[in-house]
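Asks: the sequence isn't on hand, but the structure is:
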């Protein structure tokens, strides 16, 4: 579920009734328990599997929340003047990609194996949003997309190009064709606030906290958000009425009706 402020505002008329439904309490407790089980370790990437992929025929890096910057900059030196290309496939599983990323991931693995044997070919890396939800949210990275980083030594700005493929028909030939024709003419330049290196969030040191916040809201179902807002709004209204009553002071005693003449 993607958090939407618009949907929250549209649901405000239902807040009062939502709080009074008994089953929401049980749903809230069950969901809270589930969420707390996620909090200690949102990263599920396998470091052993990542090392094997890097050492094997693919020569592919596995990006995680802790290593992505080191991985991207590992291919450049302070003397590097020509950008080093790193192709990162954003993939996922049944929850994040609805099972549609298997074909594109297979095609990308085949391409990575070819690149590993080709001098001067782009470096390759994989980002699995099912294993790294915080990192994907901090980048606002869509599954099934290819991100091409043109890496230069810091503090140079980094050009990033994004390309989407047809997940039902993509093959390794599509990736090879993209390299042959040039990604700058077939991919879109990414220069938004979520840019992993140049973006506003990254430049101001809030990229990871933003990733955690968005990850949290992605976990929260719409009914839970409605219940929380309802409880907060009712508490605020109750406090306000109490303050107004205290300022008004005691009400004057009621007087009897005037007697008829």
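Replies: Yep, it's here. Since this is a predicted model, take the numbers as computed values, not measurements. Residues are numbered from 1 along each chain as shown.

Asks: ok, which stretches of the stretch 151-261 of the chain are strands?
Replies: 159-164, 188-189 (DSSP state E, counting those that start in this stretch).

Asks: can you list these in a markdown table and add mean pLDDT?
Replies: Below are those laid out as a markdown table (pLDDT from 0 to 100):
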| stretch | mean pLDDT |
| --- | --- |
| strand 159-164 | 97 |
| strand 188-189 | 96 |
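
Asks: out of the ones you listed, nearest to residue 198?
Replies: With C-beta to C-beta as the measure, strand 159-164 is the member of the strands of the stretch 151-261 of the chain nearest residue 198 (7.7 Å). (Glycine included, C-beta is placed from N, CA and C.)

Asks: give me the residues contacting that closest one.
Replies: 83, 142, 144-150, 178, 183-184, 186-191, 195-198 (C-beta atoms under 8 Å, 6 or more residues apart in numbering).

Asks: one step back: turn the strands of the stretch 151-261 of the chain into a markdown table, columns for mean neighbour count and distance to residue 76.
Replies: As requested, the strands of the stretch 151-261 of the chain are exported to a markdown table (neighbours: other C-beta atoms under 10 Å; distance: least, C-beta to C-beta, whole Å):
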| stretch | mean neighbour count | distance to residue 76 |
| --- | --- | --- |
| strand 159-164 | 18 | 13 |
| strand 188-189 | 10 | 20 |
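
Asks: separation between residue 142 and residue 42?
Replies: Residue 142 sits 19 Å away from residue 42 when distances are taken as C-beta to C-beta, to the nearest Å.

Asks: looking at the two, which has the bigger crowd around it?
Replies: residue 42 (18 against 15; other C-beta atoms under 10 Å).

Asks: in ChimeraX, how would I select the buried members of the contacts of strand 159-164?
Replies: Buried subset of the contacts of strand 159-164, written as a ChimeraX selection, criterion 16 or more other C-beta atoms under 10 Å:
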select :83,144,145,146,147,148,149,150,178,183,187,190,195,196,197,198
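
Asks: pLDDT below threshold where in the stretch 1-150 of the chain?
Replies: For the stretch 1-150 of the chain, the stretches flagged by pLDDT under 70 are 1-41, 45-57.

Asks: all helices for it, in order.
Replies: 5-10, 15-19, 23-38, 47-55, 68-73, 102-116, 133-139 (DSSP state H, counting those that start in this stretch).

Asks: you'd agree residue 88 is up against residue 147?
Replies: Yes - counting by C-beta atoms under 8 Å, residue 147 is a contact partner of residue 88 at 4.5 Å.

Asks: so which of the strands of the stretch 151-261 of the chain gets nearest residue 211?
Replies: strand 159-164 (16.9 Å).

Asks: direction included, what does the closest one pair against?
Replies: Applying DSSP bridges, strand 159-164 is found paired with strand 145-151 (antiparallel), strand 188-189 (antiparallel).

Asks: those: which one's closest to residue 232?
Replies: Closest among the strands paired with strand 159-164, using C-beta to C-beta: strand 145-151, at 36.8 Å.

Asks: ok, and what's touching the closest one?
Replies: 72-73, 75-76, 80, 83-90, 108, 122, 141, 158-165, 175, 178, 183, 187, 190.
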